[in-house]
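Trainee: Dropping the sequence and predicted coords here.
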Amino acid sequence: MKYLIKRGKEWLTIALTIFFIQALKAQSANYNQISGQDLSARSNPITTAVPFLMISPDARAGGMGDGGVASSADANSIHWNASKLAFIDNNAGFSLSYVPWLRAIVPDMNLFYFSGYYKAKSLGTFAGSLRYFSMGQVNLTDQNGNALGTATPNEFAIDGAYAKKFSPNFSMGGAVRYINSNLTKGVFVNGSVTQPAWAVAVDVSATYKKDDVKIGGKKAMWTAGLNISNLGNKMTYTTTNSTLNTANFLPANMRLGGGLTVHMDEYNSICFMASANKLLVPTPPIYELDANGNPIPNGSGGYEIAAGKNPNVPVATGVFQSFNDAPGGFKEELHEINYSFGLEYLYNKIFALRTGYFYENPTKGNRQYITMGAGIKYSGYGFDFAYLIPTSATNVNPLSNSLRLTVTYDIVKPKAAAPDQTTN
């Protein structure tokens, strides 16, 4: 057991070092520049299948810059870091969230998220969730613009999770996820009939928590969390030609962060959080072009690569390759890290105010926004609200007017009964 605890704690530092070790190898590759151009300055976002898995589903974390890997545990911890559930105070709880998505450009796209947990004393904590993403109604046309009818594309994921303490300060957790994506069932694309795609993925996570810290004479607690999520098979939407080149990676992801909570007095506390987030998916390379500007076939079903690495690799290879395959070298690898910063003020464990900031490099998607939120909780019932304010300069920002609503209910752990003072 002591060996497992020691190895688990070391796991938190491995995630930090592996990125820099692998990324520094990219410096030895001679593809940071082509014809004097700085490749790291190019717009080169990473795309994956089922990106809805990366949307922050709950209003609490949504109000703190979409950072929840090292915050205190709640019913939505399955998404952020399942291992946190081992430290949860209550016996059981549920949460229901509603997220109207991209309302600036689409009027009927929504995300629904239901999650719950049960703490089984010495056995650990069990949890589950259902995520449903509706893309509204879409009009289908062929290549000539002829109407093919309408479709209601949707995606969903079902999770099961488990978390357990291995010491008073350290826990580990895991989750298994079934994913189904039904975008254009029955439509012909390049001679193939489309079908719903599916995948099975796993998460592995760890949390370290120390609650006997003193800062300026005030009681404090700090936490560190790591979650590696969505490790699973590729997805394909066609019944034929489902090869390595046509399948799509899941949004495999590594999230690492820390939090510090300072108890100002008996009623007031402030929590500071910061986290870093990186997709464990190959970066698109730069292909060689012929005189007409078309990619040059390499004779193996792919194209000649001018900078970067072949992205059509198995999942396990893609995870490790994602640390050192950017065409722009180490500088571009750093651009692929997103940052979240959050602040939560809590009064008497009843009322909360939150704010945060999320940053994504302009070359990797340019999502940059401030978040604000509030919450109230009493007798086990809770209501949280979050609002997103884009800061990136675009005429019509698709994240404008984004909000999240969450309702929770926790079966509060009963307080210990006072000793009987009666006498015979």
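Mentor: Good, I have the coordinates.
Trainee: Every contact and neighbour count from this point should use C-alpha atoms.
Mentor: Fine.
Trainee: What ranges does the protein have for its helices?
Mentor: Using DSSP state H, the helices of the chain run over residues 2-25, 59-62, 77-80, 315-321, 329-335.
Trainee: Next one: Trp222 from Tyr357, what distance?
Mentor: Separation of Trp222 from Tyr357 (C-alpha to C-alpha, to the nearest Å) stands at 20 Å.
Trainee: likewise Gly380?
Mentor: 29 Å.
Trainee: okay, these two: which has more neighbours?
Mentor: The neighbour count for Gly380 versus Tyr357, taken as other C-alpha atoms under 10 Å, is higher for Tyr357 (25 against 13).
Trainee: Which pLDDT does the model give the more buried one?
Mentor: For Tyr357, the model assigns a pLDDT of 97.
Trainee: Kindly report the same for Phe20.
Mentor: At Phe20, pLDDT is 41.
Trainee: go on, Asn30?
Mentor: Reported pLDDT for Asn30: 41.
Trainee: Lys119 now?
Mentor: pLDDT for Lys119: 94.
Trainee: related to what we said a few turns ago, check the helices of the chain for me: which has the lowest mean pLDDT.
Mentor: Minimum mean pLDDT among these: helix 2-25, a mean of 45.
Trainee: For the longest strand along the chain, C-alpha coordinates in CSV please.
Mentor: Using DSSP state E to define each element, the chain has its longest strand at strand 197-215. Output in CSV follows, covering the C-alpha atoms of strand 197-215 (Å, rounded to 0.1, in the frame of the first residue of the first chain):
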residue,chain,number,x,y,z
ALA,A,197,-20.0,6.8,-34.5
TRP,A,198,-19.2,5.4,-31.1
ALA,A,199,-16.2,5.0,-28.8
VAL,A,200,-15.3,3.8,-25.3
ALA,A,201,-12.8,5.9,-23.3
VAL,A,202,-11.2,6.0,-19.9
ASP,A,203,-10.0,8.7,-17.5
VAL,A,204,-7.3,8.4,-14.9
SER,A,205,-6.9,11.0,-12.2
ALA,A,206,-5.2,11.8,-8.9
THR,A,207,-5.6,14.4,-6.1
TYR,A,208,-3.3,15.5,-3.3
LYS,A,209,-4.9,17.6,-0.5
LYS,A,210,-3.3,19.2,2.5
ASP,A,211,-5.6,21.0,4.9
ASP,A,212,-3.3,21.9,7.9
VAL,A,213,-1.6,24.8,6.2
LYS,A,214,-1.1,28.3,7.8
ILE,A,215,-0.9,31.5,5.7
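Trainee: show me the contacts for Leu130.
Mentor: Each residue near Leu130 by C-alpha atoms under 8 Å, 6 or more residues apart in numbering is listed here: Tyr113, Phe114, Ser115, Phe156, Ala157, Ile158, Asp159.
Trainee: What sits closest to the residue most central in space within the chain if chain neighbours are left out?
Mentor: Nearest residue to the geometric centre of the chain (C-alpha atoms, centre = their mean): Met54, 4.3 Å. Closest residue to Met54 apart from its sequence neighbours, by C-alpha to C-alpha, 6 or more residues apart in numbering: Pro251 at 7.4 Å.
Trainee: ok, now which ones touch that neighbour?
Mentor: Thr48, Ala49, Val50, Pro51, Leu53, Met54, Asn230, Leu279, Leu280, Val281.
Trainee: how many neighbours does the closest residue to Gly160 other than its chain neighbours have?
Mentor: Excluding the flanking residues, the one nearest Gly160 by C-alpha to C-alpha, 6+ apart is Gly128, at 4.4 Å. Other residues near Gly128 come to 21 when the count uses other C-alpha under 10 Å.
Trainee: I'd like the distance between Gly128 and Ala157.
Mentor: For Gly128, the distance to Ala157 - C-alpha to C-alpha - is 11 Å.
Trainee: follow-up on the earlier one: in strands, which of the contacts of Pro251 appear?
Mentor: Short answer: the contacts of Pro251 in strands (DSSP E) are Asn230, Leu279.
Trainee: Tabulate the contacts of Pro251 (a markdown table), appending distance to Leu399.
Mentor: As requested, the contacts of Pro251 are exported to a markdown table (distance: C-alpha to C-alpha, whole Å):
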| residue | distance to Leu399 |
| --- | --- |
| Thr48 | 19 |
| Ala49 | 20 |
| Val50 | 18 |
| Pro51 | 15 |
| Leu53 | 17 |
| Met54 | 14 |
| Asn230 | 24 |
| Leu279 | 20 |
| Leu280 | 24 |
| Val281 | 24 |
